[in-house]
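Engineer: Give me the fold of what follows.
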Amino acid sequence: MVHAPAPQGRPMPSASGRPKRPLWHWLLLGGVAAAGLLMVAAFAIYIGFQVLTRGNPQTTLEDFYASLESTDCELFTESTTETFREATGLTSCRSFEENLGDISAVEYQVDDRINRQGYAIFAVTETYTDNGEEVEVELRYYVRRIDGQWDLDAIELVQEGTEPIT
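Structural biologist: Numbers count the residues shown, from 1 in each chain. All right, here's what the predicted structure looks like:
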């Protein structure tokens, strides 16, 4: 039997027990990994978009007061829940304009904000003029998150001696 001589200075590489993987195998693995990374990136973008567009309950409160000052029924409807409108009797633009058309200016100051699961509660001091006399009222506004949008759901008159919300 005749053997080829070993190259001088280097040992012969030993034969591997497994054959090399074909190119299509590596391309398939790379494609699956790229698709997985694309799905993770799309999910991260979706979550980021949801977080950034979730709105601000403070804006809802500001919109509510702006709708009163400008008698803007559309803005009032957009910033309040149907339950609130039914409870106040302001279910149509006509009733809104008849009942609140005389409001010229209401000053308000947000004293405190408490966040709850699905709610933001604002303690507000409201100042307005009634028959030439300045009136100051403490209120609690309950702004509720419904379908990703913040809407005014209830207003509570704070009586003297009422427990603070913590």
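Engineer: Direction included, what does the longest strand along the chain pair against?
Structural biologist: Longest strand of the chain, by residue count under DSSP state E: strand 133-146. In the sheet, strand 133-146 lines up against strand 119-130 (antiparallel), strand 149-157 (antiparallel) (DSSP bridges).
Engineer: Show me what counts as buried in it.
Structural biologist: Residues 140-145 are the ones in strand 133-146 that count as buried (16 or more other C-beta atoms under 10 Å). Bear in mind the C-beta positions are built from the backbone N, C-alpha and C, glycine included.
Engineer: What of stretch 68-81?
Structural biologist: Neighbour counts using 16+ other C-beta under 10 Å place 68, 71-73, 75-77, 79-81 of stretch 68-81 among the buried residues.
Engineer: possible to save the strands paired with strand 133-146 as CSV with distance to residue 108, mean neighbour count and mean pLDDT?
Structural biologist: Below are the strands paired with strand 133-146 laid out as CSV (distance: least, C-beta to C-beta, whole Å; neighbours: other C-beta atoms under 10 Å; pLDDT from 0 to 100):
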stretch, distance to residue 108, mean neighbour count, mean pLDDT
strand 119-130, 5, 16, 89
strand 149-157, 12, 18, 92
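Engineer: Ok, which of these comes nearest residue 59?
Structural biologist: strand 149-157 (7.2 Å; C-beta to C-beta).
Engineer: Downstream of the longest helix along the chain, the next helix or strand is which one?
Structural biologist: In the chain, taking DSSP state H as the definition, the longest helix is helix 23-52. Going down the chain from helix 23-52, the next helix or strand is helix 57-70, by DSSP states H and E.
Engineer: got the CA positions of stretch 81-97 in CSV?
Structural biologist: What follows is stretch 81-97, C-alpha atoms only, in CSV (Å, rounded to 0.1, in the frame of the first residue of the first chain):
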residue,chain,number,x,y,z
THR,A,81,-68.1,61.0,29.3
GLU,A,82,-71.6,60.3,28.3
THR,A,83,-72.4,59.4,31.9
PHE,A,84,-71.2,62.9,33.0
ARG,A,85,-73.3,64.6,30.3
GLU,A,86,-76.4,62.7,31.3
ALA,A,87,-75.8,63.4,35.0
THR,A,88,-75.5,67.1,34.4
GLY,A,89,-78.3,67.3,31.8
LEU,A,90,-76.0,68.6,29.1
THR,A,91,-76.8,65.9,26.6
SER,A,92,-77.1,68.1,23.5
CYS,A,93,-75.3,71.2,22.2
ARG,A,94,-78.5,73.1,22.6
SER,A,95,-78.8,72.4,26.3
PHE,A,96,-75.1,73.0,26.7
GLU,A,97,-75.3,76.5,25.1
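Engineer: Fine by me, we can end here.
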